[in-house]
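In: Task: produce atomic coordinates for the following.
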Amino acid sequence: MFLRFATGEALTDCYLQCVADCAEFEIPTMVVHLPSDSKPYNARGLDRIKRITEKAEQLGVNVALENLRNLANLAYVLEQVDSLRIGFCYDCGHHYRYYPNDDLLSKFGSRVMALHLHDNNGSYAQHGLPFDGTIDWSTTMKKIAETNYSGATAIEAMNWDYEKLSAKVFLHKRLNEQKGWKHYANGSITQ
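Out: Just a heads-up that it's a prediction; the model follows:
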């Protein structure tokens, strides 16, 4: 998006079409990846974000910007774009992988529009099943609860570290773990 010329324009056109598609199929929120901080924000990129914002406002679609290796770009856009249709997709696995010492939910929690939950051990973005890594789920869920977010949540576990498991066994493992979770209230989880 912050890229020059045709590449950035093509990506912007793609996102504009995604906003239209979300409106057509009654999908309330789409998630967007801003560039990493190695491709810093600029006026061109901000203008493109504003075009996406206008389309989202016209069509009633939320655009949630996901945290990746893009904290400076994310903060800049959320500070510069004052729209109820532009918000934050909190990804806990990316948070603890790339910015473990930053309190992203204190910074952007009032703008949470989507949640991606997965676990990792901090060495790479594993996208493991919750409780299979080193994320402190009690603290994470308390911080999420403090945002008062009540929308959809994606368990964004991939089978990258479960390659030896068939899809059936992987899903069975996930289902059994989920059955073991008790409802979390006020940010506490018990198994």
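
In: Could you report the distance from the spatially most distant residue from the centre of the chain to residue 33?
Out: Farthest-out residue of the chain from its mean C-alpha position, per C-alpha atoms, centre = their mean: residue 164, at 27.5 Å. From residue 164 across to residue 33, the span is 29 Å (C-beta to C-beta, to the nearest Å). Backbone N, C-alpha and C define where each C-beta goes, glycine included.

In: Which elements pack onto the longest helix along the chain?
Out: Scanning the chain for the helix with the most residues, using DSSP state H, yields helix 5-24. Applying 3 or more C-beta pairs under 8 Å, 6 or more residues apart in numbering; DSSP states H and E, one finds that helix 5-24 makes contact with strand 29-33, helix 43-59.

In: Mind putting those into TSV with distance to residue 127 and mean neighbour count?
Out: Converted to TSV, those look like this (distance: least, C-beta to C-beta, whole Å; neighbours: other C-beta atoms under 10 Å):
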stretch	distance to residue 127	mean neighbour count
strand 29-33	14	17
helix 43-59	26	17
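
In: can you tell which of these is closest to residue 148?
Out: Taking C-beta to C-beta, strand 29-33 is the member of these nearest to residue 148, at 16.1 Å.

In: and the closest one, C-alpha only, in CSV?
Out: Provided in CSV are the C-alpha atoms of strand 29-33 (Å, rounded to 0.1, in the frame of the first residue of the first chain):
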residue,chain,number,x,y,z
THR,A,29,-15.3,-6.8,8.9
MET,A,30,-12.3,-7.4,6.7
VAL,A,31,-8.7,-7.7,7.9
VAL,A,32,-5.8,-5.9,6.2
HIS,A,33,-2.1,-6.3,6.5
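
In: Averaged over its residues, which helix or strand of the chain has the lowest pLDDT?
Out: strand 182-185 (a mean of 44; mean pLDDT, DSSP states H and E).
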